[in-house]
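In: Here is my input, please return the structure:
(one chain, ligands or ions: 1)
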Amino acid sequence: MFRSLIQRHPLAAVARKYCNVRASSTIGNISLTERSHNCHELRSHHVGEKVTICGWLQHRRFDFMFTLRDSFGAIQIIIPKEEQGSKELVETLTAAYQESVVKVKGHVQLRPNGLKNKEMGTGDVEIVADSVELLNPCKEQLPVQLSDFNKVSEAVRMQFRYIDLRSKRMQRNLRLRSDVVMKMREFLWKQHGFVEVETPTLFRKTPGGAQEFPVPCKQTGKFYSLPQSPQQFKQLLMVGGIDRYFQIARCYRDEGSRPDRQPEFTQVDLEMSFITKEGIYQLIEEMILFSWPESLPTPTIPFPRMTYDDAMNQYGVDKPDTRFDMKIQDVTDILQGSGAAIFQSSSPSFRIKLINCKGATNHLKKKHIELLEEEGRKKASQLGMEKGGVIGVRLEAPPASWKSPIAKYVGDDVKERLVKSLGAETGDLFLIAAGEQDINQILGHVRLQAASLLEEKGVSVRDLSSFNFLWVEDFPLFLPKDEESTSQGDVESAHHPFTAPMKGEEELVYSSPLKVKGQHYDLVLNGMEIAGGSIRIHRADLQRYILENILKEDSSSLSHLLEALESGCPPHGGIAIGFDRYISLLCGEPSIRDVIAFPKTVDGNDLMSGAPSTLLNEELERYGIQVAQGKES
Ligand code: ASP
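Out: This is a model prediction of the structure:
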């Protein structure tokens with residue numbers, strides 16, 4: 001409904017600048033490449049030096065002036081008019097189309113005063129070419145010009161990704177990503193003795209959790225599965241005495257069309273033996289700080305913490321965006337039975353809650369409030385509620401004079417009490433929800449929508465340049481599966497089935513599993529979950545009981561893990577950072593696709609190569625597979 005917030009993140013502008021790349025062309029006296037320098041390197045102290053540079057032909061200004069760009073910067077090339085051979089050089093360059101790859105030899109000279117370019121790092125100098133070699137001509141008409149990539153659709157960028165990757169934006173994103181991951185490796189390996197272990201990507205089906213991609217094999221009727229994460233392997237590595245494991249792990253989840261998810265994605269995955277929750281928090285906070293990009297404001301540690309219950313009650317989500325207030329407030333005591341039908345109920349679980357959008361009516365018109373009400377209805381129906389949503393109440397002067405369809409049913413004394421107890425003022429907008437089921441999530445949803453809408457109108461709700469980290473903890477170990485199955489008592493793991501119950505609550509697992517809290521923690525950044533992990537179950541009997549008796553899973557497919565737990569398994573725990581999401585937040589990019597070199601569409605297609613593709617019948621036969629008629633896409 002509303003334009004994504006991150007699109008207007010100030011860091012998006014930074015992301016479009018080159019990062020300060022220093023790539024040397026030599027080691028000692030040995031030149032690594034055909035060039036003596038990269039384009040960005042040349043400065044006034046190089047004047048007079050003979051240089052060889054290579055790059056893409058970017059602009060031609062007059063017949064004798066060109067800009068050459070490589071992955072690190074750009075430099076102006078001049079062909080001296082009067083020199084012998086200049087005519088051929090000009091001809092070579094003018095005949096070449098933009099983005100042709102060229103090698104230029106020449107010497108560096110100072111640009112004349114008045115012709116210096118302050119916008120360019122190399123703007124004080126230029127190269128006077130002695131020779132020009134066309135290493136590879138580019139075709140005449142590229143499907144899209146590099147300069148147009150900001151204007152074309154994402155589909156076009158994905159189709160011609162190899163050109164899009166040359167853009168400043170993608171260069172910056174991929175280089176920042178690489179810098180961060182290198183620092184993380186250094187931190188884990190050098191400073192803390194972690195071992196990087198590669199775990200298989202051809203694995204077996206795991207019970208529960210996300211939908212996995214099956215991979216056929218020559219043993220007809222049998223399939224590997226691509227792992228949704230290295231969870232089992234990392235626990236087995238603890239049994240195997242690795243003690244501290246990490247991996248930049250590729251994970252696969254066949255979750256269908258979900259915006260801003262990728263069927264394959266990257267986690268910074270780690271696990272430690274004998275670790276405590278506090279130990280994990282300390283390690284992750286220090287690692288984030290150690291690998292933090294210099295160009296961004298440094299976050300402070302320790303990160304704040306919040307319980308799951310507080311997050312749900314105050315923000316209506318388990319990943320609160322704490323950059324702004326507008327918290328959920330319970331006003332049942334004041335509004336229940338106050339006249340309007342929606343406030344009537346004798347059910348003990350009936351609640352009335354609201355968020356107060358301060359001063360919002362100065363910016364939002366009736367149609368905007370209707371949009372928010374519509375969002376509330378949508379969320380309620382997503383949650384399986386037949387009716388429900390939010391009602392907007394605009395506070396006019398004096399604030400206890402309400403503008404809303406429910407205004408006439410609520411007495412003035414009640415209005416005044418409410419306004420007073422909340423410290424509300426003229427111009428505020430209440431978004432009120434009432435119901436017997438959980439209404440926090442509805443208010444949590446409209447809270448975010450209201451913030452985006454106000455920002456669209458130019459109101460500063462969130463500090464878009466801040467990085468608000470938050471640990472969310474004390475999650476329930478199990479959640480009711482869904483509305484229909486709740487009556488039969490079906491539950492699922494809030495995180496995954498390997499999470500240990502909170503210390504001291506183990507007995508509750510056997511008597512009232514829904515009351516047990518788990519030793520699970522999530523790290524949230526600006527309202528996005530960027531990491532999740534837990535202290536694990538290390539006792540086979542408890543793990544088996546949870547799988548078989550609570551989650552009703554067939555534990556035979558996990559017999560290897562259960563046996564491992566009985567074979568001297570140290571207590572252990574870990575966490576995984578969703579690396580694509582984390583980097584997209586650092587880069588101020590709205591989509592994780594913008595920090596992945598070769599991403600797929602929402603439907604899982606690679607627009608560049610056409611994957612997934614069909615197989616010939618004989619190829620299918622090899623695997624004993626038949627494609628059902630009419631099911632091909
Ligand atoms: N494997 C878990 C996940 O992918 C993370 C963890 O518990 O360490 O969510």
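In: Tell me how many other residues crowd the residue nearest to Met170 when sequence neighbours are not counted.
Out: Excluding the flanking residues, the one nearest Met170 by CB to CB, 6 or more residues apart in numbering is Asp164, at 5.8 Å. Just so you know, the C-beta spots here come from the backbone N, C-alpha and C atoms, and that holds for glycine as well. Asp164 is flanked by 21 other residues according to other CB atoms under 10 Å.
In: just the one 4 residues further on next, same as before
Out: Close neighbours of Lys168, defined as other CB under 10 Å, add up to 16.
In: Tell me which helix or strand Cys569 sits in.
Out: Using DSSP states H and E, Cys569 falls within no helix or strand.
In: show me the contacts for it.
Out: For Cys569, the contact set (CB atoms under 8 Å, 6 or more residues apart in numbering) comprises Gln235, Met238, Val239, His538.
In: Tabulate those (JSON lines), appending pLDDT and distance to the ligand.
Out: JSON lines is the format used below for those (pLDDT from 0 to 100; distance: CB to the nearest ligand atom, whole Å):
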{"residue": "Gln235", "pLDDT": "98", "distance to the ligand": "9"}
{"residue": "Met238", "pLDDT": "98", "distance to the ligand": "12"}
{"residue": "Val239", "pLDDT": "98", "distance to the ligand": "16"}
{"residue": "His538", "pLDDT": "98", "distance to the ligand": "14"}
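In: Which members of the residues you listed occur in helices, if any?
Out: Counting by DSSP state H, the members of these that fall within helices are Gln235, Met238, Val239.
In: Return the residues of the stretch 151-300 of the chain in contact with the ligand.
Out: With the criterion set to CB under 6 Å from any ligand atom, the stretch 151-300 of the chain comes near the ligand through Ser229, Gln231.
In: where along the stretch 151-300 of the chain do the strands fall?
Out: Here the stretch 151-300 of the chain has its strands, by DSSP state E, counting those that start in this stretch, at 195-196, 214-216, 223-225, 244-252, 264-273.
In: Deepest in the core, which of those strands is it.
Out: strand 264-273 (a mean of 23; mean count of other CB atoms under 10 Å).
In: So which elements touch that strand?
Out: Strand 264-273 is packed against helix 231-239, strand 244-252, helix 277-290, strand 572-578, helix 579-587, with contacts defined by 3 or more CB pairs under 8 Å, 6 or more residues apart in numbering; DSSP states H and E.
In: that older thread, format the strands of the stretch 151-300 of the chain as TSV; extra columns: mean pLDDT and distance to His45.
Out: As requested, these are arranged in TSV below (pLDDT from 0 to 100; distance: least, CB to CB, whole Å):
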stretch	mean pLDDT	distance to His45
strand 195-196	98	41
strand 214-216	95	57
strand 223-225	96	58
strand 244-252	98	39
strand 264-273	98	41
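In: Looking at these, spot the one closest to Asp330.
Out: strand 264-273 (37.3 Å; CB to CB).
In: Grab the CA positions of the closest one and hand them over as CSV.
Out: The C-alpha atoms that make up strand 264-273 are tabulated as CSV, following Å, rounded to 0.1, in the frame of the first residue of the first chain:
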residue,chain,number,x,y,z
GLU,A,264,18.4,-19.6,-1.8
PHE,A,265,19.9,-17.2,0.7
THR,A,266,22.9,-16.8,2.9
GLN,A,267,23.3,-17.2,6.7
VAL,A,268,26.3,-16.4,8.8
ASP,A,269,25.8,-19.6,10.9
LEU,A,270,27.6,-20.4,14.1
GLU,A,271,27.4,-22.8,17.0
MET,A,272,29.4,-23.2,20.2
SER,A,273,29.8,-25.8,22.9
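In: hmm, back to that, what's the distance between the residue nearest to Met170 and the ligand?
Out: 29 Å (CB to the nearest ligand atom, to the nearest Å).
In: what's the answer for Arg394, then?
Out: 42 Å.
In: where does that residue land in three-state SS?
Out: strand (DSSP: H, G, I helix; E, B strand; the rest coil).
In: Check which residues of stretch 56-63 are buried.
Out: Trp56, Leu57, Gln58, Arg60 (16 or more other CB atoms under 10 Å).
In: just stretch 413-424 next, same as before
Out: Val414, Lys415, Arg417, Leu418, Val419, Leu422, Ala424.
In: distance of the fifth one from His363?
Out: With distances taken as CB to CB, to the nearest Å, Val419 is found 20 Å from His363.
In: Get me the contact residues on the stretch 451-600 of the chain for the ligand.
Out: Gly532, Gly533, Ser534, Gly574, Ile575, Ala576.
In: Compile the residues you listed into CSV and extend it with columns for neighbour count and pLDDT.
Out: Output for those, formatted as CSV (neighbours: other CB atoms under 10 Å; pLDDT from 0 to 100):
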residue, neighbour count, pLDDT
Gly532, 22, 98
Gly533, 26, 98
Ser534, 24, 98
Gly574, 26, 98
Ile575, 24, 98
Ala576, 23, 98
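In: Any idea how far apart the tips of stretch 29-38 sit?
Out: 16 Å (CA to CA, to the nearest Å).
In: Tell me, how many residues neighbour Glu212?
Out: 19.
In: Once you drop chain neighbours, what's closest to it?
Out: Ser225 (4.2 Å).
In: same deal with Gly359?
Out: Gly427 (4.7 Å).
In: which SS state does that neighbour fall under?
Out: coil.
In: what's the answer for Thr52, then?
Out: Per three-state DSSP, Thr52 ends up strand.
In: residue contacts, it?
Out: Glu34, Arg35, Ser36, His37, Lys103, Val104, Lys105.
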